[in-house]
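Peer 1: When you get a sec, could you give me coordinates for this:
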Amino acid sequence: QVQLVESGGGLVQAGGSLKLSCAASGRTVGDYAVAWFRRAPGKEREFAVAINWTGGRTRYADSVKGRFTISRDNAKNTVYLQMDSLKPEDTALYYCAATSSRPLFIPVVPSSYAYWGQGTQVTVSS
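Peer 2: Numbering: from 1, shown residues only. As a prediction, this is how the structure comes out:
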């Protein structure tokens, strides 16, 4: 079993930056793919970005590509999401999720992820 705890959310002005953290406990996430999903008010949960177990491969949604950067520190059992050039449309509850095995390809659908955190709120003001 893996427990995921997100932190780092907050209120920021458009154009600003935030860095989210996803700390894992229970088992190492070093063998798993880890993703960030987000749910904006009144919208479905959507994939934002993910990283494979070695950190050598990443996958980004078009909406965040070039602005968000995912990284991981397996020694600290933590995944990070650096968010730059934030826009009001980035406002959402951000969730960290981890697979329970090593997928061949980095999945983008929520059902491929077995473990989820409670989320951290990111609000971008215009």
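Peer 1: Could you find the closest non-adjacent residue to the spatially most central residue of the chain?
Peer 2: The C-alpha lying nearest the average C-alpha coordinate of the chain belongs to Trp36 (Cα atoms, centre = their mean; 2.1 Å). Nearest residue to Trp36, sequence neighbours excluded (Cβ to Cβ, 6 or more residues apart in numbering): Ala48, at 4.6 Å. Using the backbone N, CA and C atoms, a C-beta is placed for each residue, glycine as well.
Peer 1: And for Asp73?
Peer 2: Using Cβ to Cβ, 6+ apart, the nearest residue to Asp73 is Tyr80, at 7.4 Å.
Peer 1: Please tell me I have it right and the one you found contacts Lys19.
Peer 2: Yes: the pair Tyr80 and Lys19 qualifies as a contact (Cβ atoms under 8 Å) at a distance of 6.2 Å.
Peer 1: These two: which is more packed in?
Peer 2: Neighbours were counted for Tyr80 and for Lys19 using other Cβ atoms under 10 Å; Tyr80 has more, 17 against 14.
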